[in-house]
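Colleague: have a look at this fold, sequence not included:
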């Protein structure tokens, strides 16, 4: 039987992988994907607690997190594409390349 603690351990592992990837890698696309992985770990935690407490609030919170993540995808990918068009080998330290 899979209990809530297994889901929370999985969410903690996903969040840790995302945080380490965000701190270690300097590629903007990889950093962007790590932030999304962290948001998905938070969503898994919300769903787990909502299920355990028999409350719909966890699912409502996930809906709002997904809306924010969708907006982040639009803005973040536009920034990554703009950076990569100017300098294909750019890192996160090269954000000043966007100055016009």
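Modeller: Nice, thanks for sending it over. Just so it is clear, the structure is predicted and the values come from calculations on it, not from any experiment.

Colleague: looking at the chain, which helix is longest?
Modeller: helix 57-86 (DSSP state H).

Colleague: correct me if wrong: residue 18 contacts residue 32.
Modeller: No - applying C-beta atoms under 8 Å, one finds residue 18 not in contact with residue 32, separated by 10.8 Å. For the C-beta atoms, the positions are set from N, CA and C on the backbone; glycine is no exception.

Colleague: for residue 16, give its distance to residue 41.
Modeller: In this view, residue 16 and residue 41 are 8 Å apart by C-beta to C-beta, to the nearest Å.

Colleague: between the two, who's got more neighbours?
Modeller: Neighbour tally, residue 16 and residue 41, criterion other C-beta atoms under 10 Å: the higher count belongs to residue 41, 21 against 13.

Colleague: circling back: could you check the longest helix of the chain and say which residues are buried?
Modeller: Neighbour-count burial for helix 57-86 flags 58, 61-62, 69, 76, 80, 83 (criterion: 16 or more other C-beta atoms under 10 Å).

Colleague: need those residues in JSON lines with pLDDT and distance to residue 8, can you?
Modeller: Below are the buried residues of helix 57-86 laid out as JSON lines (pLDDT from 0 to 100; distance: C-beta to C-beta, whole Å):
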{"residue": "58", "pLDDT": "88", "distance to residue 8": "13"}
{"residue": "61", "pLDDT": "90", "distance to residue 8": "16"}
{"residue": "62", "pLDDT": "92", "distance to residue 8": "15"}
{"residue": "69", "pLDDT": "86", "distance to residue 8": "20"}
{"residue": "76", "pLDDT": "83", "distance to residue 8": "27"}
{"residue": "80", "pLDDT": "79", "distance to residue 8": "31"}
{"residue": "83", "pLDDT": "77", "distance to residue 8": "36"}
